[in-house]
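# Build me a model from this:
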Amino acid sequence: MVLPQLRLSGPTNFSPIINHVSGIAAAAQTNTASQYFVLLILTDGEITDFDQTRDAIVRASQLPLSIIIVGVGPADFKAMELLDGDDGVLRSTVGEAIARDIVQFVPYRQFINAPMAALAQSVLAEVPSQLMIG
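The predicted structure follows:
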């Protein structure tokens with residue numbers, strides 16, 4: 001098992017990696033081949049760059065990209081649930097609405113005693129509806 005061997009630490013900044021992967025996805029759009037990207041983020045802490053991350057996600061919602069965030073440990077993940085956007089439309093700091101829902105947040109603690117297939121199903125649940133076709 002890999003997770004017990006990892007040591008996660010703060011600060012928890014998502015915007016740099018989201019911006020980096022967004023750049024890759026944007027560059028891939030210029031190719032004739034269709035490509036779609038999925039960014040998996042494992043986190044053990046409350047996000048420390050929430051506003052920058054919101055802005056990065058809203059910008060990324062125009063790209064062939066899905067973001068899956070898995071929260072591990074006992075931290076308060078309320079901000080992750082806001083990024084998920086299931087309870088409303090995520091907006092940037094200047095009020096721009098997300099073009100499409102691209103974030104799925106899953107708290108790992110809800111699956112500790114569940115079959116691994118249940119975790120996989122929850123993690124990947126929204127990706128099919130997030131795919132950009134055409």
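# contacts, neighbours, all on C-alpha from now
OK.
# And the residue nearest the centre of the protein?
With distances taken as C-alpha atoms, centre = their mean, the residue of the chain nearest its centroid is I67 (2.9 Å).
# now the helix or strand bottoming out on mean pLDDT in the chain, how far from the chain's geometric center?
Ranked by mean pLDDT, DSSP states H and E, the helix or strand of the chain with the weakest confidence is helix 127-130, at a mean of 78. Remark: helix 127-130 is offset 13 Å from the chain centroid, using C-alpha atoms, centre = their mean, to the nearest Å.
# Buried residues, that helix. List them.
Buried residues in helix 127-130, counted by 16 or more other C-alpha atoms under 10 Å: 127, 130.
# Now do the strands in the protein.
In the chain, the strands defined using DSSP state E lie at 37-43, 65-71, 103-107.
# Just the CA atoms of the lengthiest helix in the chain, as PDB, please.
Assignment by DSSP state H gives helix 15-28 as the longest helix of the chain. The C-alpha atoms that make up helix 15-28 are tabulated as PDB, following Å, rounded to 0.1, in the frame of the first residue of the first chain:
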ATOM      1  CA  SER A  15      -3.300  26.800  -8.300                       C
ATOM      2  CA  PRO A  16       0.400  26.200  -9.400                       C
ATOM      3  CA  ILE A  17      -0.300  22.600 -10.500                       C
ATOM      4  CA  ILE A  18      -3.700  23.500 -12.000                       C
ATOM      5  CA  ASN A  19      -2.200  26.300 -14.000                       C
ATOM      6  CA  HIS A  20       0.700  24.000 -15.100                       C
ATOM      7  CA  VAL A  21      -1.700  21.200 -16.300                       C
ATOM      8  CA  SER A  22      -4.000  23.800 -17.900                       C
ATOM      9  CA  GLY A  23      -1.000  24.900 -20.000                       C
ATOM     10  CA  ILE A  24      -0.400  21.400 -21.200                       C
ATOM     11  CA  ALA A  25      -4.100  20.900 -22.000                       C
ATOM     12  CA  ALA A  26      -4.200  24.300 -23.900                       C
ATOM     13  CA  ALA A  27      -1.100  23.300 -25.900                       C
ATOM     14  CA  ALA A  28      -2.700  19.900 -26.700                       C
END
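# Thanks again, I'm all set now.
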